[in-house]
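S.K.: Model the structure of this input:
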Amino acid sequence: MKAEQLGINKNDDGMKLLVGKTRQLLDIIGMGGGDKAAARQREKGKMLARERIEYLKDKDASFIEIGAFAGFEMYPEEGGCPAGGVVGGITKVARRLCIIVANDATVKAGAWFPITGKKNLRLQELAMENRVPIIYLVDSAGVYLPMQDEIFPDKEHFGRIFRNNAVMSSRGIIQISAVMGSCVAGGAYLPIMSDEALIVEGTGSIFLAGPYLVKAAIGESVDQETLGGAASQTEISGIIDDKFPDDKSCLDHIRKIIDKIGTFDEAGFDRVESKEPAKDPKDLYGIIPTDRAKTYKTIEVIERLVDNSEFEQFKRDFGKTIICGFARIDGWAIGIVANNREMVKTKTGEIQFGGVIYSDSADKAARFIMNCNQKKIPLLFLQDVTGFMVGSRSEQGGIIKDGAKMVNAMSNSTVPKFTVIMGNSYGAGNYAMCGKAYDPRLIVAWPTAKIAVMGGEQAAKTLLQIEKAALEKKGELINPEKEKELLKKITDRYNRQTTPYYAAARLWVDAIIDPLETRSWVSTGIEMANHAPVEKFNVGVIQT
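M.R.: Predicted coordinates:
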């Protein structure tokens, strides 16, 4: 067997193992707070969060889950917080694309951890950016009090949720809330600031203060139903629009509401009949090396993602460490900006490193991004980047200027941007290739992704020198054995922080996906983005 084929087989096996690990972890996360907690919810006559979503969405619709890894391994002392205690994502309800946010009451009674707030804000952001309806299935005990200082007072904390409710309402973005369990304290504002608020009899309740707090505050003894149950809040206070005998009838009514919504202006992105790639997408498993330092042909990846494997390159022979071009994904026209992982040779004979952004490639990418905005074509960034080229030759050649030009064009892009982190995502390369800080509509990682300010080996050696200097300053001598031990400790710690799971836990990416799911994610993203008209592109100041 040829060495090349052996390498492909090794890569294929490595990717399958990583995809398998991701799926196993997602299965565990999908169990929420576990079987006992689920049983307690069912005893109350309630459906679980994922069951509610499955029942509400169209039967033939997929569910693009956002933030499934949110909170992963972040709160061990609290017993964990699977999926951040809330299940959310993109799907179709009554044939219309919607965002659904469902509290998972099996996880600490649906209480809000810091990551829960961050995840809810991300889901609201998707609704606002793309002007799609958002449905809240509320079942939460409110803020998790032991961590209230990390969720309550700051700009991007709990209160931002209600600010977003108000902003969405002013922009005509439809919000529907169903109180299907507890809805207490500040959280009570969310349903009431929605366009329509529903409640389930017997299990749903909504009030600013529960019976115990009311007793402590004003000495009044009152039961939960009288205080904020379905009858009280629909027949007496009138703050809830309608009540329903069970979860299913409430969800059925939400479908009827969505079914009657009219149409709004769209962006008008071009779409034709979808075609499968001519080259087998399953080959992706064998193309991406298990060794992240090895090179590969990024064009081979692109040809397995796009319709009929047809890709029209822009400036093919210039700035070769970035590949730019036009294609279609699931029928949608798209512009692709991808880091080329091949070693390339320029016309002057210079050898350029794959995955590194040089001045010419940054200049090309900036021009291409501007072209896509001119033509109203969405952008897809395929990241496998180690950063910008450094050294005296690059600095004197204006790498900072050309890098800034690319960042400027990408930052001011008004067509929707989507990012897939296939491999390395290091330093300023993460920024220039539309990392999370640059508002991609969706950003996902393959299991092979690594996200950090620099590669593990370089970072560990840098950190080692800093730590050695600090210890030696204290008079501690570092022998070779101790230095080796210290380097391993630093390397292991750094490598843990660069995994896609670490990133997804903190919502630096929306999901970790099987490479074979990429087309579906991008297509759904463009369909979602098509609901929001595109503003005029103005790139601002770019030095030439």
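
S.K.: State the distance from His531 to Ser177.
M.R.: Per C-beta to C-beta, to the nearest Å, His531 is found 20 Å from Ser177. C-beta here means a position set from N, CA and C on the backbone, and glycine is covered the same way.

S.K.: Could you check which of these two is surrounded by more residues?
M.R.: Ser177 (27 against 20; other C-beta atoms under 10 Å).

S.K.: surely that one meets Leu190?
M.R.: Yes - at 6.2 Å, Ser177 and Leu190 qualify as touching, with contact defined as C-beta atoms under 8 Å.

S.K.: which secondary structure elements does the worst-scoring helix or strand of the chain on mean pLDDT contact?
M.R.: Least confident helix or strand of the chain, by mean pLDDT, DSSP states H and E, is helix 456-473 with a mean of 73. With contacts defined as 3 or more C-beta pairs under 8 Å, 6 or more residues apart in numbering; DSSP states H and E, the packing partners of helix 456-473 are helix 480-496.

S.K.: And the helix it packs on, what's buried?
M.R.: For helix 480-496, burial by neighbour count (16 or more other C-beta atoms under 10 Å) applies to Leu486, Leu487, Ile490, Thr491, Tyr494, Asn495.

S.K.: Over to stretch 92-111?
M.R.: Quick answer for stretch 92-111 (16+ other C-beta under 10 Å): 92-94, 96-111.

S.K.: give me the number of residues near Arg441?
M.R.: Neighbours of Arg441 (other C-beta under 10 Å): 22.

S.K.: pLDDT wise, what is the residue lying closest to it once chain neighbours are set aside at?
M.R.: Nearest residue to Arg441, sequence neighbours excluded (C-beta to C-beta, 6 or more residues apart in numbering): Pro416, at 4.5 Å. With respect to pLDDT, Pro416 scores 97.

S.K.: Wasn't Glu527 part of a helix?
M.R.: Yes - assessed by DSSP: H, G, I helix; E, B strand; the rest coil, Glu527 belongs to a helix.

S.K.: How about the secondary structure of the residue nearest to it when sequence neighbours are not counted?
M.R.: What sits nearest to Glu527 in space, not counting adjacent residues and going by C-beta to C-beta, 6+ apart, is Leu97, at 6.2 Å. Assigned by three-state DSSP, the conformation of Leu97 is strand.

S.K.: Tell me the spacing between Leu97 and Ile258.
M.R.: The gap separating Leu97 from Ile258 is 10 Å, by C-beta to C-beta.

S.K.: How about Glu235?
M.R.: Distance from Glu235 to Ile258, by C-beta to C-beta: 26 Å.

S.K.: For these two, work out which one has more neighbours and name it.
M.R.: Between Glu235 and Ile258, counted using other C-beta under 10 Å, the more crowded position is Ile258 (19 against 10).

S.K.: For that one, what are phi and psi?
M.R.: Torsion angles at Ile258 (phi, psi; degrees, to the nearest 10) stand at phi -60, psi -40.

S.K.: tell me the contacts of the nearest residue to it once chain neighbours are set aside?
M.R.: The shortest distance from Ile258 to any non-neighbouring residue, by C-beta to C-beta, 6+ apart, is to Ala94 (4.2 Å). Applying C-beta atoms under 8 Å, 6 or more residues apart in numbering to Ala94 gives the contacts Asp58, Arg255, Lys256, Ile258, Asp259.

S.K.: hmm, which two among these are most spread apart?
M.R.: Spatial extent of the contacts of Ala94 (C-beta to C-beta) is set by the pair Asp58 and Lys256 at 13.6 Å.

S.K.: more neighbours, the two?
M.R.: Taking other C-beta under 10 Å, Asp58 and Lys256 do not tie; Asp58 has more neighbours (14 against 9).

S.K.: Next, the more buried one: phi, psi?
M.R.: The phi/psi pair for Asp58 (degrees, to the nearest 10) is phi -60, psi 140.

S.K.: tell me the contacts of the residue nearest in space to the middle of the chain?
M.R.: With distances taken as C-alpha atoms, centre = their mean, the chain has Asp510 as the residue nearest its mean C-alpha position (1.5 Å). Applying C-beta under 8 Å, 6+ apart to Asp510 gives the contacts Ile66, Gly67, Arg122, Leu442, Ile443, Val444, Ala504.

S.K.: Ok, Leu486 next?
M.R.: Leu464, Glu467, Lys468, Ile478.

S.K.: which of these tops the neighbour count?
M.R.: Result: Leu464 is most packed of the contacts of Leu486 (other C-beta under 10 Å), 19 neighbours.

S.K.: how much space between it and Lys488?
M.R.: 10 Å.

S.K.: try Lys297
M.R.: Distance of Lys297 to Lys488, given as C-beta to C-beta: 34 Å.

S.K.: hey, where'd the strands end up in the stretch 101-250 of the chain?
M.R.: Using DSSP state E, counting those that start in this stretch, the strands found in the stretch 101-250 of the chain span residues 134-140, 175-184, 196-200, 205-207, 242-244.

S.K.: Could you spell out the sheet neighbours of the third one, each with its direction?
M.R.: Strand 196-200 has its sheet partners listed here by DSSP bridges as strand 175-184 (parallel), strand 242-244 (parallel).
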